[in-house]
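Visitor: have a look at this prediction, sequence included:
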Amino acid sequence: EPEVTQTPSHQVTQMGQEVILRCVPISNHLYFYWYRQILGQKVEFLVSFYNNEISEKSEIFDDQFSVERPDGSNFTLKIRSTKLEDSAMYFCASSDQGNTEAFFGQGTRLTVV
Amino acid sequence: AQSVTQLGSHVSVSEGALVLLRCNYSSSVPPYLFWYVQYPNQGLQLLLKYTSAATLVKGINGFEAEFKKSETSFHLTKPSAHMSDAAEYFCAVSTYNFNKFYFGSGTKLNVKP
């Protein structure tokens, strides 16, 4: 069964460093998303991406964050100058042309120390 | 604007007992509603979804949910809990364009032997 894959599963980084979280969406999907879940809190929308551009972003998604689809298969989230409060589980998701369901990856647990 | 409220951050039931997880939504447009399950250290898996067809929706693992517009609710039920149902459950709402999902804060289900 097709699935969304995320790498790495765990990432530890020092405060101030840049991290790139990687996602491979399901191959025929057209809509891509990043969500995050701070420990003990709800899953929060960060950004949606369609047709090679951001279609919507939340107030969390400030200039520190960027997304890219560098090739036909990967979808990345870059966090510049990480802060302690960026520690969270980051989920990538994708959906197809009908866009009736989002398929989520296993998540990347980011720990900023 | 859309939002979701899940009553009860923790629910504990005995094996074989009825499972009832509550979800109320707020939406300015006809909503699409979802229940996701998250097992420890795993991603979000879709249990079921309501997309304006039948109001009683059946999902995987014996779960079902009923959309009640008058009560703005989409409670998740299962007649008989199994130990393997222990997980965290998230209710989510989206709009017709599925551009993003709004998640509730989650309910952790504990199943006692």
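Guide: Received the coordinates, thanks.
Visitor: low-confidence stretches in chain B?
Guide: B:96-99 (pLDDT under 70).
Visitor: kindly recompute the last result at 90.
Guide: B:1-3, B:26-32, B:39-46, B:51-55, B:94-102 (pLDDT under 90).
Visitor: what does it put close to chain A?
Guide: Residues of chain B lying close to chain A (Cβ under 8 Å from any Cβ of the partner chain) are B:32, B:34, B:36, B:42-46, B:49, B:51, B:90, B:92, B:97-106. From N, CA and C alone the C-beta is placed, and that goes for glycine too.
Visitor: let's see that with 10 Å instead.
Guide: B:4, B:6, B:9, B:32, B:34, B:36, B:38, B:41-46, B:49, B:51, B:90, B:92, B:94, B:96-106 (Cβ under 10 Å from any Cβ of the partner chain).
Visitor: please name the residues that touch the residue nearest in space to the middle of chain A.
Guide: Among the residues of chain A, the one closest to the centroid is residue A:34, at 3.4 Å (Cα atoms, centre = their mean). Contacts of residue A:34 were listed using Cβ atoms under 10 Å, 6 or more residues apart in numbering or on different chains, and they are A:21, A:23, A:44-49, A:57-58, A:61, A:65, A:67, A:75-77, A:90-93, A:105.
Visitor: so which of these are also by chain B?
Guide: Counting by Cβ under 10 Å from any Cβ, the subset of the contacts of residue A:34 that neighbours chain B consists of A:44, A:45, A:46, A:47, A:48, A:57, A:58, A:91, A:92, A:93, A:105.
Visitor: for those, give me JSON lines that also has secondary structure, pLDDT and neighbour count.
Guide: Output for the ones next to chain B among the contacts of residue A:34, formatted as JSON lines (DSSP: H, G, I helix; E, B strand; the rest coil; pLDDT from 0 to 100; neighbours: other Cβ atoms under 10 Å in any protein chain shown):
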{"residue": "A:44", "secondary structure": "strand", "pLDDT": "92", "neighbour count": "17"}
{"residue": "A:45", "secondary structure": "strand", "pLDDT": "91", "neighbour count": "21"}
{"residue": "A:46", "secondary structure": "strand", "pLDDT": "95", "neighbour count": "21"}
{"residue": "A:47", "secondary structure": "strand", "pLDDT": "94", "neighbour count": "20"}
{"residue": "A:48", "secondary structure": "strand", "pLDDT": "91", "neighbour count": "25"}
{"residue": "A:57", "secondary structure": "strand", "pLDDT": "91", "neighbour count": "17"}
{"residue": "A:58", "secondary structure": "coil", "pLDDT": "91", "neighbour count": "16"}
{"residue": "A:91", "secondary structure": "strand", "pLDDT": "95", "neighbour count": "26"}
{"residue": "A:92", "secondary structure": "strand", "pLDDT": "96", "neighbour count": "29"}
{"residue": "A:93", "secondary structure": "strand", "pLDDT": "93", "neighbour count": "28"}
{"residue": "A:105", "secondary structure": "coil", "pLDDT": "92", "neighbour count": "27"}
